[in-house]
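**Q** Predicted model follows, preceded by the sequence.
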Amino acid sequence: MTEYAPDDGLLVLNNLRKEFGGLTAVDDLSFVVEEGEILGFIGPNGAGKSTTFNCVTGAYEPTSGTVHYHGEDVTGEPAYEMVKRGMARTFQSFRPLDDRSVLRNVELALAPDRLFSLSGLRGKTTDRARELCERVGLGDRIHQTPDELPHAGLLRLELGRALATDPDLLLVDEPFAGLSSGEVAELSDLLTDLRDEGITLVVVDHNMRGLLSLIDRAIVIQFGAKIAEGTPEEIRNDETVQEAYLGGDEI
Amino acid sequence: MSDTLTSKLNPLSLPLRQQLGLIALVLLAFTPFWMGFLYAGDQGLLHIRTITIALFIGMFAMSWDSVSGYTGQISFGHALFFAIGGYGSALLNLGWGVPPLAAVVLGTVLAAVAGLLIGVPALRLEGPYLSLVTLVAPLILLQVFIWRSDIFGGELGIPNPDPLVATSGFAQETYVFFYVAFALFVLILAVLLAVTRSDAGSVLTAIREDEDAVAASGLNPAKFKTFAFVLSASVGGLAGAVFVHTPMASPTPSQLLAQTVSIEVIIAAVLGGMGTIVGAALGGMFLSIFRSQLSNVDFVVPGLGVSVGDLDLVIFAVGTLIILFALPGGVLRWGIVAGRKLVGSDGAAADGGRTPVEQTLEKFREFFRGGRDD
């Protein structure tokens, strides 16, 4: 079994395993995310993508295996700690704070993790939050509450909140689900821009169609294990992948 | 937007509702004067004492609101902290001769330590563990008080410790302790308003809404919950400690520790407006004053043979249920929205989402259903 060294990439997983009772959701998965790339993390529904995600971002404790980030062992670190280390995520089922405006949602992610702070009183946080809202295309909706936003707007809000934590690595969970093709193109542009600004991205999706044109490299998993890895071209022509997706005409 | 500290502290640039609040506070400060005009002699003094007690119940309700109203972690046993502060301070004074002021400080510290002991283990977990623990803890303490009646006086409590300030005569005593209570009320109000209106306050309400979203924002929910809980325990302990050093209360279970005390505080905060501090203070004061007025009513309910005064808790509980259905945000929130409509400024933008009561219920529902599916 290949073992990656902790500093082989920005994020390094070695033999990550997650079991729920008798069910193995993630089966000794190892892979590397290189700094500055857009990595597609692909697999059919139920392949263990979100579980892998949750183990990396601290929502679940992995059963075994290690996660290294920036060369440091971060296995089992809590979610807020991973965010502080520079790893942000978006939720597949959006998790906005419905009790406050878009602007205040983003502001929360700018608040320091300290009990006593006067930073909110100087108005700088608000300016920064407004910039971030404009960055993700919500500039004209900052005073609306999340329940007034369309589906694509909620995704933008998830991205805005993630960006507010100033990440080096951004994990985007199933962003294209439920978007129109125009919205997919807009979002792809936004993600590419973010990469050009120096953020490494991992985009999870079960649908390769929108994804393959965006990503530099992909990892395909099935039943919690890696079945393929390579450039979009290699993935498209991989037989195992075609089989996993029922005969290949899916792709 | 000039969200600067100075503009927030200048009374003239405050929103109308806050100006009204300040005026109410000033009116409250002059209670002994206008009571003197309204009622002659001892009647006025008795009313001032009623308001003094009400101020303490308002402080108790604020202390509950600062943790449960803001984070949605419901404490069912906040009387525990009032009792630890009150009994702790009284016993230090009676048993070891600690001067009242120092005893109050130590009683507050004891309550804070109790808050840490309960909060740290119970709040690390997501879910209503805190509610379960706080439901049981005061019952245990009451059993200890009964078991060691030689120290804690059992159901009857212990004698009054030395008063915080030495006074002579009924009138002077009434005035002095009114201002002791008022000063403490303003202090607690100011501290809790400052905390809940700061960044930390917005983290607390975010925890009430969605703890995972808070963690995804890089904030440690357990830290903020524990902070709010310990702050709340200290405030409750402080109020309890000062309360027993006034002639208006003594360290007895029925005043500081009984389950009904915890429940009354919750009723008061929900009635006034959960998660607002000001609403809790108003609710607590209203409940206390209304209750003492009710006990003066001799009317006997026909058929039951019980006087109205003995039914106070029933009346409040029913009233709260009605309010929960009609105004789930509490009276204060309703008042602010109604006031805005009256003045003509549209507050619709700030009206999104659910009320704290609904958010808290959702938390419980999620827990017992087995969590969110993600």
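**A** Arrived safely.
**Q** Might you list the low-confidence residue ranges for the stretch 51-200 of chain B?
**A** Within the stretch 51-200 of chain B, not a single segment meets pLDDT under 70.
**Q** Could you tell me how many residues sit around residue 21?
**A** Defaulting to chain A. Residue A:21 has 5 neighbouring residues, counting by other CB atoms under 10 Å in any protein chain shown. (C-beta placed from N, C-alpha, C; glycine too.)
**Q** if you could check chain B rather than the one you did, that'd help
**A** Residue B:21: 18 neighbours (other CB under 10 Å).
**Q** Next up, the contacts around it.
**A** Residues in contact with residue B:21 (CB atoms under 8 Å, 6 or more residues apart in numbering or on different chains) are residue B:278.
**Q** let's see it at 10 Å
**A** For residue B:21, the contacting residues are B:14, B:15, B:189, B:193, B:278, B:281, B:282, B:332, by CB atoms under 10 Å, 6 or more residues apart in numbering or on different chains.
**Q** swap in residue A:215?
**A** Contacts were defined as CB under 10 Å, 6+ apart; by that measure residue A:215 touches A:37-42, A:188, A:191, A:195, A:201-203, A:205, A:208, A:231-232, A:235.
**Q** Can I get the buried ones among those residues as something I can paste into PyMOL?
**A** For selection in PyMOL, the members of the contacts of residue A:215 meeting the burial criterion (16 or more other CB atoms under 10 Å in any protein chain shown) are listed in this command:
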select buried, chain A and resi 37+38+39+40+41+42+188+191+195+201+202+203+205+208+232+235
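**Q** What about chain B: which of the contacts of residue A:215 touch it?
**A** Filtering those for neighbours of chain B using CB under 10 Å from any CB of the partner chain leaves an empty set.
**Q** Which ones among the contacts of residue A:215 lie within helices?
**A** Using DSSP state H, the members of the contacts of residue A:215 that fall in helices are A:188, A:191, A:195, A:208, A:232, A:235.
**Q** Hmm, which of those is lowest in pLDDT?
**A** For the ones in helices among the contacts of residue A:215, the minimum pLDDT belongs to residue A:208; the value there is 75.
**Q** Kindly check the end-to-end length of stretch B:64-72 for me.
**A** Counting by CA to CA, to the nearest Å, the length from the leading to the trailing residue of stretch B:64-72 is 11 Å.
**Q** should've said stretch A:143-161
**A** As for stretch A:143-161, its first-to-last residue distance stands at 15 Å under the measure CA to CA.
**Q** which ones are touching the closest residue to residue B:306 other than its chain neighbours?
**A** If you skip the residues right next to it in sequence, residue B:306 has residue B:300 as its closest partner in space, 6.8 Å away by CB to CB, 6 or more residues apart in numbering or on different chains. Neighbouring residues of residue B:300 by CB under 10 Å, 6+ apart: B:306, B:307, B:308, B:309, B:310.
**Q** Wait, the first one touches residue B:298, no?
**A** No - taking contacts as CB atoms under 10 Å, residue B:306 lies outside contact range of residue B:298: 11.8 Å.
**Q** Compare the two (neighbour count), which wins?
**A** Residue environment comparison for residue B:306 versus residue B:298 gives the larger neighbour count to residue B:306, 11 against 8, counting by other CB under 10 Å.
**Q** From residue A:230, how far off is the more buried one?
**A** In this structure, residue B:306 and residue A:230 are separated by 82 Å, where distance is defined by CB to CB, to the nearest Å.
**Q** Adding pLDDT, write the contacts of residue B:300 out as CSV.
**A** Converted to CSV, these look like this (pLDDT from 0 to 100):
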residue, pLDDT
B:306, 80
B:307, 79
B:308, 77
B:309, 75
B:310, 78
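**Q** which of those are buried?
**A** Going by neighbour count (16+ other CB under 10 Å), the contacts of residue B:300 have B:308, B:309 buried.
**Q** residues near residue 173, how many?
**A** All of this refers to chain A. As a burial measure, the neighbour count of residue A:173 was computed by other CB under 10 Å and equals 23.
**Q** I was after chain B.
**A** Burial of residue B:173, expressed as a neighbour count using other CB under 10 Å, amounts to 19.
**Q** quick one: what helix or strand has it in it?
**A** Secondary structure assignment for residue B:173, by DSSP states H and E: helix B:170-196.
**Q** buried residues in that helix?
**A** Of the residues in helix B:170-196, those scored as buried under the neighbour-count criterion (16+ other CB under 10 Å) are B:173-178, B:180-182, B:184-185, B:188-189, B:191-193, B:195-196.
**Q** how about the residues of the stretch 201-350 of chain B near chain A?
**A** Proximity of the stretch 201-350 of chain B to chain A is assessed by CB under 10 Å from any CB, with B:201-203, B:205-224, B:226-228, B:231, B:275, B:349-350 identified as the residues in range.
**Q** Quick check: closest non-adjacent residue to residue A:218.
**A** The shortest distance from residue A:218 to any residue other than its chain neighbours is 3.8 Å, reached at residue A:40 (CB to CB, 6+ apart).
**Q** and which of the ones in helices among the contacts of residue A:215 is nearest chain B?
**A** Using CB to the nearest CB, residue A:191 is the member of the ones in helices among the contacts of residue A:215 that lies nearest chain B, at 18.2 Å.
**Q** How about the contacts made by the closest one?
**A** With CB under 10 Å, 6+ apart as the criterion, the residues that contact residue A:191 are A:38, A:159, A:170, A:172, A:175, A:199, A:201, A:203, A:214, A:215.
**Q** Tell me which of the residues you listed fall in helices.
**A** Helix and strand membership here follows DSSP H; of those, those in helices are residue A:159.
**Q** which of the contacts of residue A:191 sit farthest apart?
**A** Distance extremes for those: the farthest pair is A:159 and A:215 at 16.8 Å, using CB to CB.
**Q** wait, doesn't residue B:238 sit right on residue B:115?
**A** No - using CB under 10 Å, residue B:238 is not in contact with residue B:115, being 11.7 Å away.
**Q** any residues in contact with both of those two?
**A** Residues within reach of residue B:238 and of residue B:115 at once, by CB under 10 Å, 6+ apart, are residue B:81.
**Q** Out of the contacts of residue B:21, who's the most crowded?
**A** For the contacts of residue B:21, the largest number of neighbours (other CB under 10 Å) sits with residue B:281, at 30 neighbours.
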